[in-house]
Structures are given as C-alpha cells and as structure tokens.
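J.: Structure here, sequence nowhere to be found:
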C-alpha cells in the first residue's frame, strides 16, 4: 500500500552561511496492506519527520511516496484533499490534538461535517458509534478534554481519526505522554482496531518493546537513515546492525550517546561510535543488503 523511495528532508538554518540538517536522508521502505511497520530509533533520528512526510504535512526535499498506487508528490492541493481522509495521523499528545473549548462529541463530529454527505441525525449516530468503538461512555460526548484523563482523550483522538474511515494511519508515539497504567490499554485498542477495520499502520516509537508488541515488521532508524529492516522476530532474535543491537542490549555494544556528533561523516552515520568500524566505514556509506528473506541491513561488518 505504501512505497517510499529515497525520501529526503533537509532543513536549513543560518542566513549568511547556510547549514543543512539531514532529518531524513535517503529512506526507502514498503508497507503492505493490512501490515504494521514499526519505526524505531532514539529521539531526534527523524522518525516523526518520516510520518509527516508520508501524509504531506511537510514537503520532502526529494524522493517518492506512493500510496495505493497514487504518486502523492505529484498531487495538487485539490487532489490531495480527496486522498487525505484515507491517510490519518495520531500524534503524541492527545490534549494538543483536541480543541480545549470544544466538547468531545463536537470534536468527533467535526471531520464528518467537513467531509459532508451526512445529515445531523446521521452524524449524531456516527459519533455515538465511534464513542462505543473506542471504549468511551455515552456521557463523554458532552464533556470537554480537560474533564477527561489522558487515556480517554487519546480514545477521543482515535475516534476522530476513525471518523473518516482511513485505510492508513501513522501512529506517532501514541502512548508516550500517557501514564504507564493506561499505555497497554491504548496499545491493545489500536491493535484490535487495526485488525477489525483492516487498517495499515506505520507505528513510530523510541521504545523497542512497544514496537515489538505492535508490529509485523520493524525498521530501525539512526540519524535520518534506516540501518536495518526485517520481520519483528528477526530483528529481536537475529539483529545484525551494531546500532540495533545497542537498542536491544544497551550494555553489550556501545553507549550511543557518544555518537551524537555525526555531522560531517561521509561514510556510515554510526561509524563514530561503532566498535566494529573499519576504514571503509568512514569513507563510504554502506548500501542496504538482504541477508535473509525480507531482512535488510546497511553495514560492512555483516556483509
């Protein structure tokens, strides 16, 4: 359903002497219909930027994004508006996603009104159906976000997203701002809804265990690049990239904080902190190679 090829997003800073930050740098992957691809990596590696690029919430520097055979980057604004309902995003902070001055029922009804095609009674019935689908009670319809818990507000956000019957959802750290006690409830709800509604997901998180729980396949991202991608089982049982191993067993490889200064690296972005680095790693960026069925790694050490 989703095909991404050589996607790049560079941000510039400075007036007299411009500097470029390569937030996303040559990322390629596919997501099959009905699949959940987990995108994992430390904060600041470019995960959220990838999610926003897929929905064209921000524009890429270059690359290709295909959604269900549609070249998204070739669409004009009017054409994009027709596709947008099929592609939705769940953000990290549910409170920031909701209008504090709008009742929950009105928030859920808003996208239905904007889309058109339903009368008031049909919208009211649809809101009631969505409220039940995400595990809220009928009385929540007339409450404001500040009267609900973080977990309840994230359920409201889910209801808003589902209102437009999307095919593809980007879930960007959807439980990171919630109490630990409710995180599992929201994750299980998302997983259940994905199965029941036949959704396709890009699930973004810095927490590898959460991604393992949610994903069919996992892509590991480091400083704007995907360094390993494969089935969840392969990533956990046979991780091959040194950085992936760092995420799984932090004490066994290297303290990744020592690798934060990567600007100017012309070879592998993990080279400055990799215990297995050779001379070629500093000079030439490794290409992704398939080492097993659907298991790809960008590393000279294993190739």
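T.: Yes, it's here. As the structure is a computational prediction, the values presented were derived from the model and not from experiment.

J.: switch to C-alpha atoms for all contacts and neighbour counts from now on
T.: Noted.

J.: Counting neighbours, what do you get for residue 34?
T.: Residues within reach of residue 34, counting by other Cα atoms under 10 Å, total 17.

J.: I'd like to know how far it sits from residue 84.
T.: 18 Å (Cα to Cα, to the nearest Å).

J.: And residue 49, by the same measure?
T.: From residue 49 to residue 84 the distance is 18 Å (Cα to Cα).

J.: just the helices in this structure please.
T.: For the chain, helices defined by DSSP state H occupy the ranges 47-54, 77-83, 94-97, 104-115, 120-133, 150-162, 180-196, 208-214, 232-237, 242-248.

J.: partners of residue 205 in the sheet?
T.: Assessed by DSSP bridges, residue 205 has beta-bridge partners residue 40.

J.: tell me the contacts of it?
T.: Residues in contact with residue 205 (Cα atoms under 8 Å, 6 or more residues apart in numbering) are 38, 39, 40, 41, 47, 172, 173, 211.

J.: Make CSV out of the residues you listed and add neighbour count, pLDDT and distance to residue 158.
T.: Shown next, in CSV, are the contacts of residue 205 (neighbours: other Cα atoms under 10 Å; pLDDT from 0 to 100; distance: Cα to Cα, whole Å):
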residue, neighbour count, pLDDT, distance to residue 158
38, 29, 98, 18
39, 27, 98, 20
40, 28, 96, 22
41, 24, 93, 24
47, 28, 96, 20
172, 23, 96, 12
173, 21, 94, 13
211, 24, 94, 19
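
J.: so which of those residues would you say is closest to residue 191?
T.: Distances from residue 191 to the contacts of residue 205, taken as Cα to Cα, are shortest for residue 211 (11.4 Å).

J.: Surely the closest one and residue 40 touch.
T.: Yes. Using Cα atoms under 8 Å, residue 211 is in contact with residue 40, at 7.1 Å.

J.: what touches both of these two?
T.: Taking Cα under 8 Å, 6+ apart as the contact rule, residue 211 and residue 40 both touch 204, 205, 218.

J.: And the lowest-mean-pLDDT helix or strand in the chain, what's buried?
T.: Lowest mean confidence among the helices and strands of the chain (mean pLDDT, DSSP states H and E): helix 94-97, at a mean of 87. Using 16 or more other Cα atoms under 10 Å as the test for burial, helix 94-97 gives 94, 95.

J.: Could you list every helix and strand that that helix packs against?
T.: In terms of contacts (3 or more Cα pairs under 8 Å, 6 or more residues apart in numbering; DSSP states H and E), helix 94-97 is packed against helix 150-162.

J.: I'd like to know which elements the helix it packs on is packed against.
T.: Secondary elements touching helix 150-162 (3+ Cα pairs under 8 Å, 6+ apart): strand 87-90, helix 94-97, helix 104-115, helix 120-133, helix 180-196.

J.: Residue 22 contacts residue 13, correct?
T.: No. Between residue 22 and residue 13 there is no contact under Cα under 8 Å: 11.5 Å.

J.: of these two, who's got more company?
T.: Comparing residue 22 with residue 13 by neighbour count (other Cα under 10 Å), the higher total belongs to residue 22, at 19 against 10.

J.: Give me the neighbour count for the closest residue to the more buried one other than its chain neighbours.
T.: Excluding the flanking residues, the one nearest residue 22 by Cα to Cα, 6 or more residues apart in numbering is residue 10, at 4.6 Å. Residue 10: 15 surrounding residues under other Cα under 10 Å.

J.: quick one: contacts for residue 10?
T.: Residues counted as contacts of residue 10 (Cα under 8 Å, 6+ apart) are 20, 21, 22, 23, 24, 25, 60, 61.

J.: which among these end up buried?
T.: Using 16+ other Cα under 10 Å as the burial test, these include 22, 23, 24, 25, 60 as buried.
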